[in-house]
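> Model the structure of this input:
(2 chains)
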Amino acid sequence: MKRQRNRLDVGARIDRSRRLRFHFNGKPYEGFAGDTLASALLANGVRVVARSFKYHRPRGIYSAGMEEPNALVQLGGGASSEPNLRATQVELFDGLEAASVNCWPSVNFDIWAFNDRVSGLLPAGFYYKTFMWPKSFWHSYEKVIRKGAGLGTAPEMPDHNIYEKRHQHCDVLVVGGGPAGISAALAAGRSGARVILADEQAELGGALLGNGERIEAASGVDWAMGARAELDGMDEVRVLSRTTAFGYYDHNYVLMVERVNDHLGAPPGTLRQRLWKIRARQVVLATGSIERPMVFADNDRPGVMLAGAARTYINRFGVKPGNRAVLYGNNDHIHQVALDLADAGVRVEAVVDVRAKAVGEAVAAVRERGIEVMAGHAVGGALGKKRLRGVEVLALNEKGDGFAGDIRRLRCDLLCLSGGWTPTVHLFSQSGGKLDYSENQACFLPGEARQAVSVAGAANGVFALKGCLGEGAAAGRSAAGKLGFREVGAPEALPVAQGEAGALMPVWRLPPVSKGERRFVDLHGDVTVSDIELAAREGYSANEHLKRYTSTGMGPDQGRTGNMHALGILADIRGESIPAVGTTTFRPPYTPVPYGVMAGRDVGVLADPVRMTAMHGWHERSGAVFDDVGQWKRPWYFPRTGEGMAAAVRRECIAARSGVAILDASTLGKIDIQGPDAAKFLNRVYTNSWNKLAVGRCRYGLMLGEDGMVMDDGVTSRLAENHYFMTTTSGGAARVMAWLEDWLQCEWPELKVYLTSVTEQWATLSISGPNARRLLSELAEGVDLEADAFPHMVVRSGKVAGIEARISRVSFTGELGYEVSVATSYGLALWQAFQRVGENYDLTPIGTEALHVLRAEKGYIAVGHDTDGSVTPGDLGMDWIVSKKKDFIGRRSLARADTMRTDRKHFVGLLPETRVPEGAQIVAEYKRRPPMKMIGHVTSCYDSAALGRPIALALIAGGRERIGETVTIPLTLQGRVVKAEITSPVFYDPKGERLNG
Amino acid sequence: MVDPSLRQSPLATLHLGGREGQPAPEASVHLAERRSVGKINLRADPGDGVLMNAFESVLGYPLPLDPNRTSGDGKRGALRLGPDEWLVTVPGGQENALFGALGTAATAAGGKHVALSDVSDARTILTLAGPRARDVLQKGCGLDLHPRAFQTGHCAGTLLARAAILLHQTGDAPAYDIHVAWSFAAYLWVWLEDAGAEYGVAVGEVE
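A predicted model of the protein is given here:
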């Protein structure tokens, strides 16, 4: 293992006593606790860490943060492998294994680098132009292109880590733990407000961790540590490190992801990440800013990096990012960084400053150190390939938009860039806030806010430390103050030395020095100045078009370092101002968020609630196969040993027709309706009349939507003068309850009606078959079951199996039937009592499939099965249930020309030769090839034991007039064609005599 | 009176038997089911003072009129569910008597529009208590449960994970009653045990 040859001996926030071993691209290395993968690679002198997306050019570490466009790595392997992490954010841990993405066979020898040689053939829009013809070939092209233009590899195995979610409310949420954010949190926290301070990094401090600035007599880092201790001591303040706020939604709802133990390698079975769902009364964004690069030929060579990053590697990580440096930029920062580099023992060749008059404290200090300041100069190009070997410097003309004079070559292996700062306004923009362009600072700044949010520090264009501290404290104080929290004791402004600064001079593009050179704007997407010029020439001159045509800003880094240049160049080409060109929209997430943390614990058995009836345990023990009805588990059928579904369903159907069958009907929706206007209410929501329903009687009702289409159905009983009990379909229960409440509360508040959902209060079983009465009579007490005393559609109260019960004589099978309901906790006891007594009757438990067969034999509709939201009562042949004498929801729609057409699809029966799938299309004239005119479709189809043949229900255009005709059901995919005769939908016992038992 | 031994818990399918009451010294969350609670859903006009007084004389406490507030205690009390809706709780087995008494009182007070529904089995109550109970709830509940916002005696209809619940803080420990629909109870119990695992969960004896 090699020595960490670029590691400084002293200083920085790493622990040199804790060595951490890791592998990168299979090679072993060593770093220290406190390193990121990027700083450890730099310490070990690893230059090429990645290949670019399109041209596969060698790339090095470019930044020290989330804006990194180059150093994307795949972390780990197997189930916990994670693609496309930025090496600059990956905290080093012992045993870490990482690999470059997008290169094959290796990062140093990449076959796809051939793309770079032929880059003239791969301009912006290349894919759109080349691979769209012929259209059907895209699928073939895509497979090959994906290999060359891949990012990392998503793991395919189940994730072994735990992810949590958590809701948290607070008075003040502060995003960003740099000097502004810390100051805001301190001010708000001291006032007693509930404060959350979220920061992306491992420790608080933000820019202070890397820039070596001082506050009072202490280092900036010590100040941040002191602040952290004070914040931790406040009861109502929560500091969340390693936490990124990535989405800002309405009502100050902010989503954040906390990386709980990624920095420890996230061992399987441990809590890896936590999703925080924050609802904040006030938000302070102190999200800092991102340094911009400069654009010139081959500005992507390993060794070219942002000036602030170089500074961070020295001050925070104790790593010399190079031995011989040139700095290039348009503002004072390059001069400050030059001093830090020189202090760390890096030989600084020159500071190249595009400003003709480079003045200010830092510039003077650089000159004082004897470092050459090349004012009014620019870098025209970088030399070297896998590592930077030098730069070409040219003098600028007087206007600063072109070159004057000869090329001068400077040897260097490190080139530090600063093109100014781009405030991180993503979250502010997501919150709905407007952005204003600042000509002075050449950046967009937060403007008018739309939510309770303020922005402080560099994110607000205040880049100097003194301003950040002051503005942060003011923002925190103000946010808490708006909520009535006052800070105790006015704190004094912290003494910070602030030198005189020179103004920044924006330079977005310079002319090419030589033909065909590549000046990268978006390093990740390999988008060059020429690509942008080409896009504009080809008409993609709107920034939204430019983005999509060139893919600028569409990589995992979202163009953090390049977007402003793309905008500036586009504005330059269009001859307009940057604000006239505008920005693209900032959308969540701010940085990529793993799916795992979005799923949280809602996986496996917790993915969705499984609703079970009181009798569920018995069903399970009896070997039921379950059917998912919404979230409910209902028995589908009860196979006996060795019995398949068809045989079981057939047996269950025969039992219901010839003996007695029992069904768990607990899932039916149940609504208690009480009040003097209850009947009036039912008249309005059902198509039929409820005026004359006597107490103790039941009636079937059909409910329509406002469009006149069947929405739900069920039986409603009148329990007392002003008391009704409605049942709904199992799947429609919640929807119907909400629908009825909506009408009562919003449209008919004058009606004196109260609704109470009692679906879950009652466990219900249904028995049907010729022996149903005899069976029930063995268990019922105090109820006369004789046909005359207890006719069809009557409800009685009594005791069944010693349990207080409600008994309704209703039927969905066409046989003599009863529904028995008891309080849910007695449901299983009731069911078991029936099983005990039922032994003498060969009582057969049946599931939903048999029930469907039985009801289909009778032509009873199943709402949502035979209807699909486009079916009127008339279509179903159910005009008998539609009152002509009263108004009800949907009535007017039934008078529409379209709903009165005579050729609408009618609900009819079919006698197909063989069983056909539900949804199968029906044609009148069969042709060997489509197209054929479709006249309807099959809604239900079963093998009927009672009829000894397959039967079907269908919706067919003008079907009632076609009864007796033969139609065709072409099952192209199954390679068969089935003929069927149209019949009445009632196949069995058309007179309904069996209901009487 | 029906034989109460015939009653079954919605958690029966989880087969918790044997774990209940086991000592869990590390636990900072206590989870149990309160099975034996009678519940009556009451709908009435809160502006009808005569009616409200009649109910108070039956219940022994006034129905709470402020949003998200309760009267009485977790065993015998009322939770305000809406402008004209309350959930009245009594010790299990007393619901029929109370149901009758409330109905009689309403009639005597001239209440023409009152709805009483026995919902004792429509929901069950899971109790969650202990120093980390709030942390467990915050994993799945979007309400602000901080003591400045939600205190003993407060209640709210909300979601906990994927189940609709009625949340009632019954003590400062903190302790909560979670009313959940019968068919969602097993799901929610499993969810609560999972969410509480990191704090240690003691499974309490059924009341």
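> any idea which residue sits dead centre in the chain?
Because you didn't say which chain, this covers chain A. A:M598 (6.9 Å; CA atoms, centre = their mean).
> if you could check chain B rather than the one you did, that'd help
The centroid of chain B falls nearest to B:H179 when counting by CA atoms, centre = their mean (4.4 Å).
> where does that one land in three-state SS?
Following DSSP: H, G, I helix; E, B strand; the rest coil, we place B:H179 in the strand state.
> bridging residues for it?
Beta-bridge partners recorded for B:H179 (DSSP bridges): B:I125, B:L166.
> Show which residues not belonging to the helix ranked longest in chain B make contact with it.
Ranked by number of residues, the top helix in chain B under DSSP state H is helix B:95-108. Contact with helix B:95-108 is made by B:38-40, B:42, B:44, B:51, B:54-55, B:57-59, B:88, B:90, B:114, B:116, B:118, B:120, as judged by CB atoms under 8 Å, 6 or more residues apart in numbering or on different chains. Yep, even glycine has a C-beta here, placed from its N, CA and C like the rest.
> how about a cut-off of 10 Å?
Outside helix B:95-108, the residues that touch it by CB atoms under 10 Å, 6 or more residues apart in numbering or on different chains are A:804, A:823, B:1, B:37-40, B:42, B:44, B:48, B:50-51, B:53-59, B:76, B:88-91, B:94, B:111-121.
> What residue in the stretch 1-150 of chain A comes nearest to chain B?
Per CB to the nearest CB, A:S80 is where the stretch 1-150 of chain A lies closest to chain B, at 19.7 Å.
> Next, that residue: phi, psi?
Main-chain dihedrals, A:S80, degrees, to the nearest 10: phi -100, psi 10.
> Quick check: it touching A:A266?
Yes: counting by CB atoms under 10 Å, A:A266 is a contact partner of A:S80 at 6.5 Å.
> what do these two both touch?
A:D159, A:H160, A:N161, A:R272.
> Tabulate the residues you listed (CSV), appending secondary structure and distance to A:V462.
Shown next, in CSV, are the shared contacts of A:S80 and A:A266 (DSSP: H, G, I helix; E, B strand; the rest coil; distance: CB to CB, whole Å):
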residue, secondary structure, distance to A:V462
A:D159, coil, 42
A:H160, coil, 45
A:N161, coil, 39
A:R272, strand, 36
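> Turn those into a markdown table, columns for distance to chain B.
Converted to a markdown table, the shared contacts of A:S80 and A:A266 look like this (distance: CB to the nearest CB, whole Å):
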| residue | distance to chain B |
| --- | --- |
| A:D159 | 16 |
| A:H160 | 16 |
| A:N161 | 14 |
| A:R272 | 13 |
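> Buried ones among the residues you listed?
A:D159, A:N161, A:R272 (16 or more other CB atoms under 10 Å in any protein chain shown).
> Just give the nearest non-adjacent residue to the last one, would you?
So that's A:R272. A:N161 (3.8 Å; CB to CB, 6 or more residues apart in numbering or on different chains).
> from memory the one you found sits against A:R259, does it?
No: with contact defined as CB under 10 Å, A:N161 does not reach A:R259; the gap is 11.2 Å.
> Need the pLDDT of the residue in chain A sticking out farthest from the centre.
Distance to the chain centre peaks in chain A at A:D788, reaching 60.9 Å (criterion: CA atoms, centre = their mean). Listed pLDDT for A:D788 reads 93.
> any idea how far chain B is from it?
29 Å (CB to the nearest CB, to the nearest Å).
> among the buried ones among the shared contacts of A:S80 and A:A266, which one has the lowest pLDDT?
Where pLDDT dips furthest among those: A:D159, at 88.
> Now do A:E741, the pLDDT please.
97.
> what's the neighbour count on the nearest residue in space to A:Y860 that is not next to it in sequence?
Take A:Y860 and drop its neighbours on the chain: the residue closest to it by CB to CB, 6+ apart is A:F812, 6.2 Å away. A:F812: 19 surrounding residues under other CB atoms under 10 Å in any protein chain shown.
> what do you get for B:Q94?
Count around B:Q94 with other CB under 10 Å applied: 15.
> Run through chain B and note the low-pLDDT ranges.
When residues are selected by pLDDT under 70, those of chain B lie in B:1-2, B:17-23, B:74, B:205-207.
> how about the strands in chain B?
Here chain B has its strands, by DSSP state E, at B:29-34, B:37-43, B:70-72, B:77-82, B:85-91, B:115-118, B:123-129, B:155-160, B:163-171, B:175-181, B:201-203.
> Could I get the phi/psi values of the residue lying farthest from the centre of chain B?
Ranked by distance from the centre of chain B (CA atoms, centre = their mean), the top residue is B:G110, with 29.6 Å. Main-chain dihedrals, B:G110, degrees, to the nearest 10: phi 80, psi 20.
> coming back round to it: so what's the residue of the stretch 1-150 of chain A closest to chain B scoring on pLDDT?
On the pLDDT scale, A:S80 gets 80.
> Let me see the contact set for it.
So A:S80 contacts A:P155, A:M157, A:D159, A:H160, A:N161, A:G265, A:A266, A:P267, A:P268, A:R272, A:G596 (CB under 10 Å, 6+ apart).
> Look over those residues and name the one with the lowest pLDDT score.
A:P155 (84).
> pretty sure it is in a strand, no?
No: judged by three-state DSSP, A:P155 forms no part of a strand; its state is coil.
> A:P639 versus that one, what's the distance?
39 Å (CB to CB, to the nearest Å).
> Who has more neighbours out of those two?
Shown here are A:P155 and A:P639; by other CB under 10 Å, A:P639 has more neighbours (19 against 16).
> from what I can see, that one looks like it's in a strand, true?
No: with three-state DSSP as the criterion, A:P639 is assigned coil and is not in a strand.
> Quick check: it touching A:F626?
No: here A:P639 does not reach A:F626: they are 11.9 Å apart, not a contact under CB under 10 Å.
> Quickly list what's touching both of those two.
A:G847.
> show me what contacts A:D343?
Contacts for A:D343 were tallied using CB under 10 Å, 6+ apart; they are A:G11, A:G212, A:I314, A:N315, A:R369.
> nearest residue to the fourth one other than its sequence neighbours?
Across the structure, with CB to CB, 6+ apart as the measure, the residue nearest A:N315 apart from its sequence neighbours is A:G212 (4.5 Å).
> what do you get for the first one?
Here the nearest residue to A:G11 in space, its sequence neighbours aside, is A:G318; by CB to CB, 6+ apart that works out to 5.7 Å.
> do the same with the third one
Computed as CB to CB, 6+ apart, the closest residue to A:I314 that is not its neighbour in sequence is A:A344, at 4.6 Å.
> show me what contacts A:E786?
A:R773, A:S777.
> tell me what the longest helix seen in chain A is packed against?
Across chain A, the helix with the greatest residue count (assigned by DSSP H) is helix A:465-482. Contacts defined by 3 or more CB pairs under 10 Å, 6 or more residues apart in numbering or on different chains; DSSP states H and E place helix A:465-482 against strand A:162-175, helix A:179-190, strand A:195-198, helix A:208-211, strand A:214-215, strand A:271-285, strand A:453-455.
> if we go to 6 Å?
Applying 3 or more CB pairs under 6 Å, 6 or more residues apart in numbering or on different chains; DSSP states H and E, one finds that helix A:465-482 contacts helix A:179-190, strand A:271-285.
> sorry, back to before: surely the residue nearest to A:R272 meets A:L271?
No: taking contacts as CB atoms under 6 Å, A:N161 lies outside contact range of A:L271: 7.5 Å.
> Can you give me the first-to-last residue distance of stretch A:570-578?
8 Å (CA to CA, to the nearest Å).
> Break down the stretch 601-750 of chain A into its strands, ranges please.
Counting by DSSP state E, counting those that start in this stretch, the stretch 601-750 of chain A has strands at residues A:625-629, A:632-637, A:661-664, A:669-674, A:698-704, A:710-720, A:723-728.
> Close to chain B: what parts of the stretch 751-900 of chain A are there?
A:752, A:754, A:756, A:758, A:760-761, A:803, A:823-826, A:828-829 (CB under 6 Å from any CB of the partner chain).
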